[in-house]
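**Q** Just the structure for this:
(4 chains)
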There are 2 protein chains.
Amino acid sequence: MSKLSSEHSTRRRGKELEDAVLSAAWDLVNEVGYKDFTMSEVAKRADAAKPVLYRRWSEKSELVASAIIKFGPKIDVTIPDTGSLRGDLIKLFGQLTVVFDTFGTDKLRGLLADRLKTIPLDKILSATSDENKFTDMVSKVLKQADKRGELNFSNLSKRVLNLPGLLLINEVISNETLNKDVIVNIVDQILVPVFLGQKKAADND
Amino acid sequence: MSKLSSEHSTRRRGKELEDAVLSAAWDLVNEVGYKDFTMSEVAKRADAAKPVLYRRWSEKSELVASAIIKFGPKIDVTIPDTGSLRGDLIKLFGQLTVVFDTFGTDKLRGLLADRLKTIPLDKILSATSDENKFTDMVSKVLKQADKRGELNFSNLSKRVLNLPGLLLINEVISNETLNKDVIVNIVDQILVPVFLGQKKAADND
DNA sequence: CATTTTAAGATACTACGGTATACTATTTCA
DNA sequence: TGAAATAGTATACCGTAGTATCTTAAAATG
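**A** Numbering: from 1, shown residues only, chains lettered A, B, ... in the order given. I've put the predicted structure just below:
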């Protein structure tokens, strides 16, 4: 009746086992959402013991995040170059909507809330421990705008660079979707004024 | 050995019981912080049964939030009038720091994360079900600026009105404190450009 | 004052996140 | 090849959020 006899001839290890767990986690979160996702059920489906999960992922939210990063929709990481900062930002954020569209807000809300216990809000779009991929993309778009003479990149503070991520996350948590209209609104009403107002604001320092 | 014989001659009800629970909750969260705060311990200290708690507050984070609102530091709700939007915003946010200073970030992080499961990020500064007190104050300051001719209040969207709250919450969750320097930075780098840039941006709609 | 309704008391229970322990199959490396 | 280290398996366990149930006090109704 052991797992070895029924499914596998040998005991799985390392990456093979890890992949099996992530795969089971991905299936489960798609079936039941985050709230009803249980670690025991994942272990059962992956034919693995619970300590195996906790040896790799320190908590439920981390496992689910890993599964989404591995199996979820891949975002387009092309840096847009439309000729204006406004256009670049709108296009870039549009590339991100797939991530949020795949999951309903309900499924994401609990996950983000749990992640928040461990990591700061502005890092929540990061893949793992390495730096914030999303902020990197925003920075590249801003550097292009610098070259065009729209702004001075070196004047932008860390807080300002994190603002786009914060606004998108807030939007996803608060409202149902992140559609084009919302993106255009955020860019026009908040981000363009902030980024293009920096030159003058810098004089106040 | 019943609670009635030991402490009270009659069974407490309504507000009296509620106050006893809130008081016990306030003491407990100050002693052990949010993470180690347990509903059972509150019930025990208040000489109340656990269902009494859940009949009034649907979850732990809500009870703790209620206790903080009731017994925590009262914020100064005076609307500042310094002569400029910038000055008003800096002064207003300064009045809020007491709330965050009273609790260490560790204590607050878990609470905010749990609250986030139920309520949207930009409403987290609300007292109860009624409208957002903080956003109300921001609106008043902005209307003053309108009268001075600094901006056109009717052009400001809900998203923009919620931005100050979002930024402050993010700051408290992400960093340790909310001091004067940070407030000045947020106002100068983000809020002033957004609010005073609205007139022009509105033409794009 | 009798009856009905509301809500508190007491307590047991469920479910789940996360941990501990004892044992065993693989890998590594001398 | 044999010993030691690593990382699985299996399972029991703990703590706590939140719920259910049953009894009983007190308030409301008439």
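**Q** How is chain A divided into domains?
**A** As given by automatic domain parsing, the domain ranges for chain A are A:3-71, A:85-200.
**Q** quick one: which of these is nearest B:G149?
**A** Proximity to B:G149, assessed across the domains of chain A by Cβ to Cβ, is greatest for domain A:85-200 (18.3 Å). The C-beta positions use only the backbone N, C-alpha and C, and glycine is treated the same way.
**Q** low pLDDT regions in chain A?
**A** For chain A, the stretches with pLDDT under 70 are A:1-9, A:125-132, A:176, A:198-205.
**Q** please redo it, this time with the cut-off set to 80
**A** A:1-9, A:99-109, A:120-132, A:173-177, A:198-205 (pLDDT under 80).
**Q** Write out the residues of it neighbouring DNA strand C.
**A** A:4, A:10-11, A:13, A:36-40, A:49-51, A:54, A:58-60 (Cβ under 7 Å from any atom of the strand).
**Q** which of those has the most neighbours?
**A** A:F37 (22 neighbours; other Cβ atoms under 10 Å in any protein chain shown).
**Q** Roughly how far does that residue sit from chain B?
**A** For A:F37, the distance to chain B equals 14 Å [Cβ to the nearest Cβ, to the nearest Å].
**Q** Just list the residues touching that residue, thanks.
**A** By Cβ atoms under 8 Å, 6 or more residues apart in numbering or on different chains, the residues touching A:F37 are A:25, A:28-29, A:60, A:64.
**Q** and with 10 Å instead?
**A** Applying Cβ atoms under 10 Å, 6 or more residues apart in numbering or on different chains to A:F37 gives the contacts A:25, A:28-31, A:60-61, A:63-64, A:67, A:107, A:110-111.
**Q** Can you name the residues that contact A:W26?
**A** A:42, A:64, A:66-68, A:70-72.
**Q** Just the buried residues of the helix or strand where it lies, please?
**A** Here A:W26 sits within helix A:14-32, counting by DSSP states H and E. For helix A:14-32, burial by neighbour count (16 or more other Cβ atoms under 10 Å in any protein chain shown) applies to A:17-18, A:20-26, A:28-30.
**Q** Closest one to B:K180 out of those residues, please.
**A** Closest approach between these and B:K180, by Cβ to Cβ: A:V29, at 43.1 Å.
**Q** How much space separates that closest one from A:K133?
**A** 21 Å (Cβ to Cβ, to the nearest Å).
**Q** ok, now A:E171?
**A** 19 Å.
**Q** These two: who's more crowded?
**A** Between A:E171 and A:K133, counted using other Cβ under 10 Å, the more crowded position is A:E171 (24 against 14).
**Q** Quick check: that one touching A:I190?
**A** No - using Cβ atoms under 10 Å, A:E171 makes no contact with A:I190, being 11.1 Å away.
**Q** who touches both of the two?
**A** Common neighbours of A:E171 and A:I190 (Cβ under 10 Å, 6+ apart) are B:R159.
**Q** what's the first-to-last distance across stretch A:96-115?
**A** One end of stretch A:96-115 to the other measures 19 Å (Cα to Cα, to the nearest Å).
**Q** near DNA strand D, which residues of chain A show up?
**A** Chain A comes close to DNA strand D at residues A:2-4, A:11-14, A:17, A:47-52, A:55, as judged by Cβ under 7 Å from any atom of the strand.
**Q** Next, the buried residues of the one helix or strand A:D136 maps to.
**A** Under the criterion of DSSP H and E, A:D136 resides in helix A:133-148. Across helix A:133-148, burial judged by 16+ other Cβ under 10 Å covers A:134-135, A:137-138, A:141-142, A:144-146.
**Q** Within reach of chain B, which of the residues you listed are there?
**A** When Cβ under 10 Å from any Cβ of the partner chain is applied, no member of these is adjacent to chain B.
**Q** ok, the contacts of A:W26 vs DNA strand D, which is closest?
**A** A:V42 (11.9 Å; Cβ to the nearest atom of the strand).
**Q** Show me what the host helix or strand of that closest one is packed up against.
**A** According to DSSP H and E, A:V42 maps onto helix A:39-45. Judged by 3 or more Cβ pairs under 10 Å, 6 or more residues apart in numbering or on different chains; DSSP states H and E, helix A:39-45 is in contact with helix A:14-32, helix A:50-56, helix A:60-71.
**Q** So what touches the second one?
**A** It stands for helix A:50-56. Residues external to helix A:50-56 that are found in contact with it (Cβ under 10 Å, 6+ apart): A:12, A:17-18, A:20-22, A:24-25, A:39-40, A:42-44, A:46, A:49, A:59-60, A:62-63, A:66.
**Q** how far is it from where the chain is centred?
**A** 23 Å (Cα atoms, centre = their mean, to the nearest Å).
**Q** The first one too?
**A** Centre-to-centre, helix A:14-32 and its host chain are 18 Å apart (Cα atoms, centre = their mean).
**Q** Any buried residues in stretch A:113-128, and which?
**A** Neighbour-count burial for stretch A:113-128 [16+ other Cβ under 10 Å]: A:113-116, A:119-126.
**Q** check whether that stretch contacts chain B.
**A** Yes - looking at stretch A:113-128 against chain B by Cβ under 10 Å from any Cβ, the contacts come from A:113-123.
**Q** With secondary structure and distance to A:D76 added, can I get those in CSV?
**A** Below are those laid out as CSV (DSSP: H, G, I helix; E, B strand; the rest coil; distance: Cβ to Cβ, whole Å):
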residue, secondary structure, distance to A:D76
A:A113, helix, 27
A:D114, helix, 27
A:R115, helix, 23
A:L116, helix, 26
A:K117, helix, 30
A:T118, helix, 28
A:I119, coil, 24
A:P120, coil, 26
A:L121, helix, 24
A:D122, helix, 22
A:K123, helix, 21
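**Q** Spell out which two among the residues you listed are the most distant pair, please.
**A** Every pair of those checked by Cβ to Cβ; the farthest is A:D114 and A:D122, at 16.7 Å.
**Q** Does A:I69 touch A:L111 like I think?
**A** No - judged on Cβ under 10 Å, A:I69 makes no contact with A:L111 at a distance of 11.9 Å.
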